[in-house]
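1. predicted coordinates and the sequence they were generated for:
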Amino acid sequence: MDDDEEVEGLGSSNPTTDPRYEFLSDYVLRAMKLKPDRWNKCIGLDDNRLKINDFFEKPENPQLIFMTNTAGNIEVRLDFPNQLRSKAVYFVKRNNEMIGRDNYKHGLVYGDLSYAPLEQLSALVDEVLSPLLSNERNHKGWPTVVSQDVLRHVHNLRSQVYVVGGQVKGKTLLPLPEGAEKIEDVTEQDDGYDSREGSPHSDDFYEDNYTNRV
């Protein structure tokens, strides 16, 4: 194998024929619901192409971020923004390596960045992780100590997200009492009763009472 074959996909590239660019554009346009002309305008700027090529060719650049500005045009970054005004898209290298035409599909992890990441994390923890990992039916075959440790970590994670969420909103909230998840599950099964409204274990109850105490 000669040197040209070994470095295939690296160095200068043509955005219109490089499959790596096509891979990026396909996901960016679908995730951000943009038209192709926005992508063409994006890669028409030398600075954006330079950042994309630096991401591909330099192992020290582990991530590539696409976001829209106030004019609706696509911006390219090599670092995560401190604040988002709308949804963004990220591509992160699985390993600190160059991304060529031969490894771009399996060498990248990619996904969406919410403009409200804390709310997204809170919903993920409350609606997915907590119910899934707290369900004892999913613990079959686990040693008791492992099951208890998982439940403890789930509770701590949910409490931390709850407290941080309050701080962001300018409110002082104390951690959720241990076992609150189980109480909510039981009350929700009671026909005609909304456990999230007026319940002594609802978020409003915790918020009001803890705020008053502090």
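-> In hand now; what should we look at?
2. could you list the low-confidence segments of this structure?
-> Applying pLDDT under 70 to the chain flags the ranges 1-12, 176, 178-214.
3. that one: strands as residue ranges?
-> Secondary structure of the chain (DSSP state E): strands located at 63-68, 74-77, 88-93, 108-113.
4. longest helix in this protein, by residue count?
-> Looking across the chain with DSSP state H, the single longest helix is helix 144-168.
5. tell me the buried residues in that helix?
-> Along helix 144-168, these residues count as buried under the neighbour rule (16 or more other C-beta atoms under 10 Å): 147, 151, 154-155, 158-159, 161-163, 165-166. (Glycine included, C-beta is placed from N, CA and C.)
6. of all those, which two lie farthest apart?
-> Within those, 147 and 166 form the most distant pair, 29.3 Å apart (C-beta to C-beta).
7. was I right about residue 154 contacting residue 132?
-> No: at 9.0 Å, residue 154 and residue 132 do not qualify as touching, with contact defined as C-beta atoms under 8 Å.
8. how about residue 36, what does it touch?
-> 25, 29 (C-beta atoms under 8 Å, 6 or more residues apart in numbering).
9. how near is it to residue 116?
-> 28 Å (C-beta to C-beta, to the nearest Å).
10. so which of the strands of the chain is the most surrounded?
-> Looking across the strands of the chain with neighbours counted as mean count of other C-beta atoms under 10 Å, the highest average goes to strand 63-68: a mean of 21.
11. the residue lying closest to residue 23 once chain neighbours are set aside: how many residues sit nearby?
-> Once flanking residues are discounted, residue 23 sits nearest to residue 104: 5.8 Å by C-beta to C-beta, 6 or more residues apart in numbering. Residues contacting residue 104 under the criterion other C-beta atoms under 10 Å number 19.
12. residue 104: what's it in contact with?
-> If you count contacts by C-beta under 8 Å, 6+ apart, residue 104 has them with 9, 19-20, 23, 56.
13. would CSV of those with distance to residue 128 be doable?
-> Shown next, in CSV, are the contacts of residue 104 (distance: C-beta to C-beta, whole Å):
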residue, distance to residue 128
9, 37
19, 34
20, 32
23, 28
56, 33
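14. highest neighbour count among those residues?
-> residue 56 (25 neighbours).
15. check the contact between it and residue 102; I expect there is one.
-> No: with contact defined as C-beta under 8 Å, residue 56 does not count as touching residue 102 (12.0 Å).
16. helices along the protein, start to end?
-> Applying DSSP H to the chain gives helices spanning 3-6, 19-32, 36-43, 46-57, 117-124, 130-134, 144-168, 180-188, 203-213.
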